[in-house]
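J.: here is a sequence with its predicted model. Questions after.
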Amino acid sequence: MEKNLETGGALPTFRASPLRQRVLGEVHARPFRPLLTPRTVLHYAFLTNSDEAISDKEWLKEFCTSRGVAGPADGARYHTLEFGEGHLSWEQHAEFTTYTWNGSADLDHLFGAPPAGHPFGAAFRAPGELLVAVRLELRDEIDESRWRPTFEEGSLTVSSLERGQATVATDFRQDGDGLSRFLVLNHSMSDVQTGAIVQRLLELETYRTLAMLGLFEANTLSPDIRKFEIELAALTEQMKTATGLDSNRNLLNKFTELAASLEAGATASTFRFGASRAYYEIVKIRLSALQEEAMPGELTMSSFLSRRLSPAMRTCQAIEDRQAMLSRKLARATNLLRTRVDVDLEQQNRSLLESMNRRARLQLRLQQTVEGLSVAAVSYYIVGLFSYLAKGASGYGLPLPQPSVTTAIAVPVVVLFIWWTVRRIRAHHVKQDKDDL
């Protein structure tokens, strides 16, 4: 009979995966921070390698300690603290680090002097090379005649967000301080919605800039790839007329060197192109999340960015495709040439074996000749010994024919015996060789 499971009581404690807390915490690692309106936001992104990232985190800990607040925990990639009249947020990513600060806005001046109390003064230490710098102004309703002249009309984009609850304007250009400017007009958004919109716009500017890095990598590689294509065509043409082992070997060395150069460039650019694709996907996701709608007679951020980002990504993809195609062509040509070299080597080895066989046949004939002479020589000495024996026996009066007759009779017998003995020895050696094989 089955036993009923007990119910009620305290829940059991199970052995948790060491990654459970990290996985659960990752969802809340970079939360949207509610933002009051009006507000000024400064955002910087720096390219950092592993050593710079470690050094920057240590500096941030010391910076937080000097202000009497806790620094980022070990393993943390996100941290926020109060600074001045706002908050300073720090984030570490795979190849860049961001610092974002929000503070009070100057209502009398739009995109005027930087707000007082920001952290990016002389005491701030940049963790790496600056890549992204953004100034975002969050305002309530402002007359269009006031904010439109602050942007470049030729590249100005104006969009409605969150189903008309906000308007964003930007020209994606730098001002005198090297900052890209965004203006967000809050019509009816809550503080949480405002924080989400601002963070998405900052991420949009960050990731669209990072995505463009692949274009410059592609432009750098393009001349080299073109040179490889021309060189591959020339080497392939030489394959038609190349004859002989030395010529094919020289061509094979050139193909190998070309393949090594191509693979070195492809390996170096793999991360950059892959990262650009990932960043481009994030840009599209952020644009979709903004629920952008076109304003009458205005250019949207989506249409502006797609006009330049999409061709850049296609250029990166085209360079990757050309690298892959070149690699396949080089592999086919190298395999074909290696086959020709192998055939030439087999032909050379066959000629060498034929030469060795001729020498072996000559040695065999010489050996047979020597064997014949050795039979005659040994027979001569044995017959001579037999002649001395016959002469001695005749001197003692033994009843034998004359020594010369006896010697003459012994000659064919001795020769046949020696010949038979040599044949037996040679047959024994041949049989032993066959048994060894």
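T.: Everything's here; your move. Keep in mind that this is a model prediction, so the values were computed, not measured.

J.: what part of the protein, helix or strand, is modelled with the least confidence?
T.: Lowest by mean pLDDT, DSSP states H and E among the helices and strands of the chain is helix 20-26, with a mean of 72.

J.: output the contacting helices and strands for the longest helix belonging to the chain.
T.: In the chain, taking DSSP state H as the definition, the longest helix is helix 301-395. When contacts are defined as 3 or more C-beta pairs under 8 Å, 6 or more residues apart in numbering; DSSP states H and E, helix 301-395 sits against strand 157-161, strand 166-174, helix 191-211, helix 213-241, helix 245-289, helix 403-436. (Each C-beta comes from the backbone N, C-alpha and C, glycine too.)

J.: now the strands: where do they sit in the stretch 1-150 of the chain?
T.: Assigned by DSSP state E, counting those that start in this stretch, the stretch 1-150 of the chain shows strands spanning 39-47, 78-83, 86-92, 96-103, 129-139.

J.: low-confidence stretches in the stretch 301-437 of the chain?
T.: 368, 371-372, 395-401, 429-430, 433-437 (pLDDT under 70).

J.: about what we covered before: now tabulate the strands of the stretch 1-150 of the chain in TSV and tack on distance to residue 342, mean neighbour count and mean pLDDT.
T.: Output for these, formatted as TSV (distance: least, C-beta to C-beta, whole Å; neighbours: other C-beta atoms under 10 Å; pLDDT from 0 to 100):
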stretch	distance to residue 342	mean neighbour count	mean pLDDT
strand 39-47	49	22	95
strand 78-83	59	16	90
strand 86-92	53	20	92
strand 96-103	50	22	94
strand 129-139	51	19	95
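
J.: let me know which of the ones you listed is the nearest to residue 349.
T.: strand 39-47 (57.1 Å; C-beta to C-beta).

J.: and the closest one, how far from the chain's centre?
T.: 32 Å (C-alpha atoms, centre = their mean, to the nearest Å).

J.: do the same with stretch 255-267
T.: Centroid displacement of stretch 255-267 relative to its chain, using C-alpha atoms, centre = their mean, is 12 Å.

J.: please apply the same query to stretch 300-312.
T.: The answer for stretch 300-312 is 28 Å, by C-alpha atoms, centre = their mean.

J.: for stretch 409-426, same thing?
T.: Relative to where its chain is centred, stretch 409-426 has its mean C-alpha point 79 Å off (C-alpha atoms, centre = their mean).

J.: sorry, back to before: looking at the helices and strands packed on helix 301-395, which has the lowest confidence?
T.: For these, mean pLDDT drops lowest on helix 403-436, to a mean of 75.

J.: that one to helix 301-395, inter-axis angle?
T.: 160 degrees (axes from the mean of the first three to the mean of the last three C-alpha atoms, to 10 degrees).

J.: other SSEs contacting helix 403-436?
T.: Right, helix 403-436 is packed against helix 301-395 by 3+ C-beta pairs under 8 Å, 6+ apart.
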